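**Student:** This is a predicted model, with the sequence first.
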Amino acid sequence: MAEPFILASASPFRKTMLANAGLDFRPVAADVDERAVEAPLNGSGATPEEVAEVLAEAKAIEVSDRHPGVLVLGCDQTLSLGDRLFHKPKDMEDARRHLLALSGKTHHLNSAAVLVRDGNVLWRTVSVAKLTMRTLEPAFIGRHLARVGQKALHSVGAYQIEGEGIQLFDKIEGDYFTIVGLPLLPVLAALRDLGAIDG
């Protein structure tokens, strides 16, 4: 029987996706300062996909260093609108600014996954979803944020597609798993290839 792998994430959404897929794993939160990891990439020409991959790798390696011999899955997601990279809103005012900036435009969610053992990267991927937000009136944004409350601060775009956030969109291109933050089908294929899950 395949041994459990580690998910280097505290994300309840990622944990639920893997558990629903019937996988045997252990969640261990990575101790990584994301902004510090990202800082050298600012102005370097790194794409939002590359930034997500670097962050996912940093998380996987940090946890791998604490758990020798164990396969570790690191994940990260960036949200990009043109050249601009968004981070989780700091407060409700920041969430309002996020939604105003995304209103009426198409943004990308770049979900990276990296598999590491003993600090060595065995596999990596980035999946991209394109989301087109409908044009939102500022007054509606205020009412929407009042309804969803603090949940708006838990995701980089200030919305949850699996909740009321779905009402903000006209069009979505890409799979649900990528949008929620884990490119699940490629990850499952890689775990099978590595013998970590039954295939």
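**Tutor:** Perfect, I can see it now.
**Student:** hang on, Asp65 packs against Gly119?
**Tutor:** Yes. Assessed by Cβ atoms under 8 Å, Asp65 is found in contact with Gly119 at 6.1 Å. The way it works is simple: take the backbone N, C-alpha and C, and place the C-beta from them, glycine included.
**Student:** My reading is that Ile179 lies in a strand. Confirm?
**Tutor:** No. Assessed with DSSP: H, G, I helix; E, B strand; the rest coil, Ile179 is helix; it does not lie in a strand.
**Student:** mind checking how far it is from His107?
**Tutor:** For Ile179, the distance to His107 equals 11 Å [Cβ to Cβ, to the nearest Å].
**Student:** anything in contact with each of the two?
**Tutor:** Common neighbours of Ile179 and His107, using Cβ atoms under 8 Å, 6 or more residues apart in numbering, are Leu131.
**Student:** Could I have the CA atoms of the helix or strand hosting Phe140 written out in CSV?
**Tutor:** According to DSSP states H and E, Phe140 maps onto helix 138-148. Backbone C-alpha positions of helix 138-148 (Å, rounded to 0.1, in the frame of the first residue of the first chain) are rendered in CSV as follows:
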residue,chain,number,x,y,z
PRO,A,138,-19.7,50.1,-6.5
ALA,A,139,-22.9,50.0,-4.5
PHE,A,140,-23.4,46.3,-5.3
ILE,A,141,-19.8,45.6,-4.3
GLY,A,142,-20.5,47.2,-0.9
ARG,A,143,-23.7,45.1,-0.4
HIS,A,144,-21.9,41.9,-1.6
LEU,A,145,-19.0,42.4,0.8
ALA,A,146,-21.4,43.1,3.6
ARG,A,147,-23.2,39.8,2.9
VAL,A,148,-20.0,37.6,2.6
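**Student:** Does anything pack onto that helix? Which helices or strands?
**Tutor:** In terms of contacts (3 or more Cβ pairs under 8 Å, 6 or more residues apart in numbering; DSSP states H and E), helix 138-148 is packed against helix 92-102.
**Student:** Parallel or antiparallel, which strands does the following helix or strand past the helix it packs on pair with?
**Tutor:** Once helix 92-102 ends, the next helix or strand along the chain (criterion: DSSP H and E) is strand 106-117. Strand 106-117 pairs in its sheet with strand 71-81 (antiparallel), strand 120-133 (antiparallel), by DSSP bridges.
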